[in-house]
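J.: Below is the sequence, then the predicted model.
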Amino acid sequence: MKVVKGIGRGSLSPISSPGLLLFSLLLFLLCACSGSGPTDPITPQLSVVNVGSDTMVNLALAWAEAYHELHPEVSISVTGGGSGTGIASLINGSTDIANASREMKEEEFEQAEEQGIAPVEHVVAMDAIAVVVNPGNPLDQLSIPQISDLFTGRITVWQELGGENRPVILASRESNSGTYVYFLEKVVQRDDPDNHDLFSPEALLLPSSEVIGLEVSQNPNAIGYDGLGYVTPDQKALKLAVDQTGPFVAPTIETVKDGTYPIARPLYMYTRGEPTGPIKEYLDWIMSDDGQKIVAELGFVPLSDS
Amino acid sequence: MQIPAVPKDVDWREFFIEQLIRLMGVSAIALVLLIFLFLVREGVPALLEVPLSNLLGQRWYPTFEIYGLAPLVLGSLLVTVGAIAISLPLGVATAIFIGEIAPEWVREILKPAIEVIAGIPSVVIGFIGILVVSPLVREFSGAPTGLTALTGVLLLAYMALPTIISIAEDALDAVPDSYRHAAYALSATQWQTIWRVVLPAARPGIITAVMLGVGRAIGETMTVMMVAGNAARMPLGLDAFLRPVRTMTATIAAEMGEVARGSTHYHVLFVVGLTLFVLTFVINLAAALAIFREKRGGGRRFLA
């Protein structure tokens, strides 16, 4: 036997060798098993997979639960991850319905085509993007150009907008969020295709709506943006206007419906081709009065006036 | 010396086990190689599609095809170095206490307690980070937000501690008692024995402990993504710890789900992964070399 002369070489010795052997054997078998390749996503007749937008995930869950009570034979599994994630899953065939808080991009349509999929768009609800600050912030209203100046980093102190002498902390979603893309185009770039403004590199990119809410409610320096359904009482939603002349409008169901709130958007569900069978029935139910009632309950804006 | 005849069946068993162990050893190396080749295969298209000046840039805006890796690499290095700077002294001190000073019954309590820390899921630590550590950091440091590199550093240091403590403790344990007895015989105090004899003798093991701690810190994803703010700014200047930071791991985790397979962004994320892989490899190699050199040169000092 070789004598280990080095000092401290025995640092791994407490692991008994039969245990280690058994463990590695187990690991090896595990690898071997999973190595047999991904199984085809064969979904049972009446289960519907629904992946996508984090903004819509609570809404989609509420729909799925209510629908499951009406039709116990249909089970709908809902997962978030972001609009981009949902659309990517639709393209690679791992979901039946993709939720998206933005329209599919040209390149995503092209990729779907390459896979032989023709995505069909369904507008299922409306949402307002609320710009939120800490309740301790004395500001109540901002214009879109002012918000753009904040989020591009041109204004870094609240005082410049008539607020307190505090630094501005920007809370944004990650770039896989449909809300991120919408906010970038409509607010940061002021809905101008020739405007190439970007989010300030100092902006926090936070992984979920909840974390944005948490940061805004805890931090008096912070400003963030999020779907109307995620605004809790410990955040203050600002009144917005297209430019400095006003009028400044608060985000509510009424102002989104009459079109006076400047940043409202449709929420989408995408299916692979025209939906049939249980998926079609589910989408029809979502568009019905019953489905749209849930939209209003969760703080989003229903499509019809009923 | 006479060797007793070995029955044939035992011989076969020996052979089989030997081959099995050899297979495992080889497959471990083969797997690492395969992972590396996979990263290269998926990353190389990005090197062809994206000019090098773009990849070496200082801004990361994948939505607009600006793929500067510098802020991500520096971000990962910043939180890792910070975390190790905190957890190394604390971890080694704890290991010395457990291994050399604490009475038996304290050791029996401390050792399993430390193993429990290692078992806390990183999401849970991230959650505690957002709710407890981040407001504290904001209040005490006066930083404009609590989601900073420092918050990440503190949590990563906590997560690297159990690894550093257990490996360092094993290394101290492996120092032969004869070293301690010799030191005491020369009328060294307990502290002198620990500081001048046991610790230097255990140094290679402690370097291993630090390397595993570095691996834990640089590879941690969820916690950092939750608390470090993820702003892809260049973490330069003295206040970098009190500003948000974006690491390579958080970038891959946040963006991998979004990208379309085969797009430029997808390949660039593999370049990020490759950079992380190479960086970890270089750090480990440097540590291995340090241990190797020490063994050849330093070992004799004790015998002289």
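T.: All right, it came through fine.
J.: remind me which residues of the chain are low pLDDT?
T.: No chain in the question, so chain A it is. By pLDDT under 70, the low-scoring segments of chain A are A:1-45, A:304-306.
J.: My question was about chain B, not that one.
T.: Where chain B drops to pLDDT under 70, the residues are B:1-10, B:258, B:294-304.
J.: can you give me the strands in it?
T.: Shown for chain B, the strands assigned by DSSP state E span residues B:60-61, B:66-67.
J.: residues from the stretch 101-250 of chain A in reach of chain B?
T.: Proximity of the stretch 101-250 of chain A to chain B is confined to A:107-108, A:111, A:166-169, A:174-176, A:181, A:184, A:196, A:198-199, A:201-207, A:211, A:214-215, A:218-219, A:221-222 under the rule CB under 8 Å from any CB of the partner chain. The way it works is simple: take the backbone N, C-alpha and C, and place the C-beta from them, glycine included.
J.: Please tabulate the strands of chain B in TSV, including the columns distance to residue A:160 and mean neighbour count.
T.: Converted to TSV, the strands of chain B look like this (distance: least, CB to CB, whole Å; neighbours: other CB atoms under 10 Å in any protein chain shown):
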stretch	distance to residue A:160	mean neighbour count
strand B:60-61	25	20
strand B:66-67	27	20
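J.: quick one, which of the ones you listed is nearest to residue B:190?
T.: Nearest to residue B:190 among the strands of chain B is strand B:60-61 (51.8 Å), distances taken as CB to CB.
J.: mind listing what that closest one pairs with, with the direction of each?
T.: When pairing is defined by DSSP bridges, strand B:60-61 lines up against strand B:66-67 (antiparallel).
J.: How far does the strand it pairs with sit from its chain's centre?
T.: On the basis of CA atoms, centre = their mean, to the nearest Å, strand B:66-67 sits 28 Å off its chain's mean C-alpha point.
J.: Name the surrounding residues that touch it.
T.: Applying CB atoms under 8 Å, 6 or more residues apart in numbering or on different chains, the set of residues contacting strand B:66-67 from outside is B:46, B:50, B:54, B:55, B:57, B:59, B:60, B:265, B:268.
J.: Tell me which two of those residues sit farthest apart.
T.: Maximum distance among the contacts of strand B:66-67 (CB to CB): 16.5 Å, for B:46 and B:59.
J.: Compare those two (neighbour count), which wins?
T.: residue B:46 (22 against 16; other CB atoms under 10 Å in any protein chain shown).
J.: For chain A, state which of the contacts of strand B:66-67 is nearest.
T.: For chain A, the closest of the contacts of strand B:66-67 turns out to be residue B:59, at 6.4 Å, with distances computed as CB to the nearest CB.
J.: List the contacts of the closest one.
T.: A:201, B:66, B:68, B:71, B:232.
J.: top of those residues by neighbour count?
T.: Comparing those by number of neighbours (other CB under 10 Å), residue B:232 comes first, having 28 neighbours.
J.: Was I right to think it contacts residue B:58?
T.: No. In this structure, residue B:232 is not within contact of residue B:58 by CB atoms under 8 Å, at 9.2 Å.
J.: Grab the nearest non-local neighbour of the residue in the stretch 101-250 of chain B that chain A sits nearest to.
T.: Of the stretch 101-250 of chain B, the residue with the smallest distance to chain A, taken as CB to the nearest CB, is residue B:205 at 3.3 Å. By the measure of CB to CB, 6 or more residues apart in numbering or on different chains, the closest residue to residue B:205 outside its immediate chain neighbours is residue B:171, 2.3 Å from it.
J.: Count the neighbours of that neighbour for me.
T.: Residues lying near residue B:171 (other CB under 10 Å) number 28.
J.: What of residue B:262?
T.: In terms of burial, residue B:262 registers 12 neighbours under the definition other CB under 10 Å.
J.: I'd like the distance between it and residue B:64.
T.: As defined by CB to CB, to the nearest Å, residue B:262 lies at a distance of 19 Å from residue B:64.
J.: now the helices for the stretch 101-250 of chain B?
T.: In the stretch 101-250 of chain B, the helices defined using DSSP state H, counting those that start in this stretch lie at B:104-118, B:122-128, B:134-141, B:149-173, B:177-185, B:190-192, B:199-201, B:203-219, B:222-227, B:248-256.
J.: Sorry, slip of the keys, the one I care about is chain A.
T.: Using DSSP state H, the helices of chain A run over A:17-34, A:57-70, A:83-92, A:106-114, A:144-152, A:178-183, A:209-218, A:253-257, A:277-287, A:289-297.
J.: Check which residues of the fourth one are buried.
T.: Under the neighbour-count criterion of 16 or more other CB atoms under 10 Å in any protein chain shown, helix A:106-114 has A:108, A:109, A:111, A:112 buried.
J.: quick one, phi psi at the closest residue to chain B within the stretch 101-250 of chain A?
T.: For the stretch 101-250 of chain A, the nearest residue to chain B under the criterion CB to the nearest CB is residue A:176, separated by 3.3 Å. Phi and psi for residue A:176, reported as degrees, to the nearest 10, are phi -80, psi 0.
J.: ok, now which ones touch it?
T.: By CB under 8 Å, 6+ apart, the contact set of residue A:176 is A:81, A:82, A:83, A:84, A:85, B:254, B:255, B:257, B:258.
J.: first to last residue in stretch A:75-85, what's the distance?
T.: Between the opening and closing residues of stretch A:75-85 we find a distance of 21 Å, counting by CA to CA, to the nearest Å.
J.: Need the residues that contact that stretch.
T.: Residues lying outside stretch A:75-85 but in contact with it, judged by CB under 8 Å, 6+ apart, are A:46-55, A:57, A:60-61, A:63-64, A:67-68, A:89, A:98-102, A:174, A:176-178, A:181, A:282, B:257-259.
J.: do stretch A:221-228 as well
T.: Counting contacts by CB under 8 Å, 6+ apart, the residues outside stretch A:221-228 that touch it are A:55, A:101, A:127-134, A:137, A:147, A:150, A:158, A:166-173, A:179, A:183, A:187, A:206, A:209, A:212-213, A:215-216, A:235, A:237, A:251, A:256, A:299-301, B:144-145.
J.: how about that stretch as PDB, C-alpha atoms only?
T.: These are the backbone C-alpha positions of stretch A:221-228, laid out as PDB (Å, rounded to 0.1, in the frame of the first residue of the first chain):
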ATOM      1  CA  ASN A 221     -36.600  55.400  -3.500                       C
ATOM      2  CA  ALA A 222     -38.100  52.800  -5.800                       C
ATOM      3  CA  ILE A 223     -40.300  53.100  -8.900                       C
ATOM      4  CA  GLY A 224     -41.600  50.100 -10.700                       C
ATOM      5  CA  TYR A 225     -44.200  48.900 -13.200                       C
ATOM      6  CA  ASP A 226     -46.600  46.100 -13.200                       C
ATOM      7  CA  GLY A 227     -49.900  44.700 -14.200                       C
ATOM      8  CA  LEU A 228     -52.900  46.400 -12.500                       C
END
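J.: Return the members of the contacts of stretch A:221-228 classed as buried.
T.: By the neighbour-count criterion of 16+ other CB under 10 Å, these include these buried positions: A:55, A:101, A:127-134, A:137, A:147, A:150, A:158, A:166, A:168-173, A:179, A:183, A:187, A:206, A:209, A:212-213, A:215-216, A:235, A:237, A:251, A:256, A:299-301, B:144-145.
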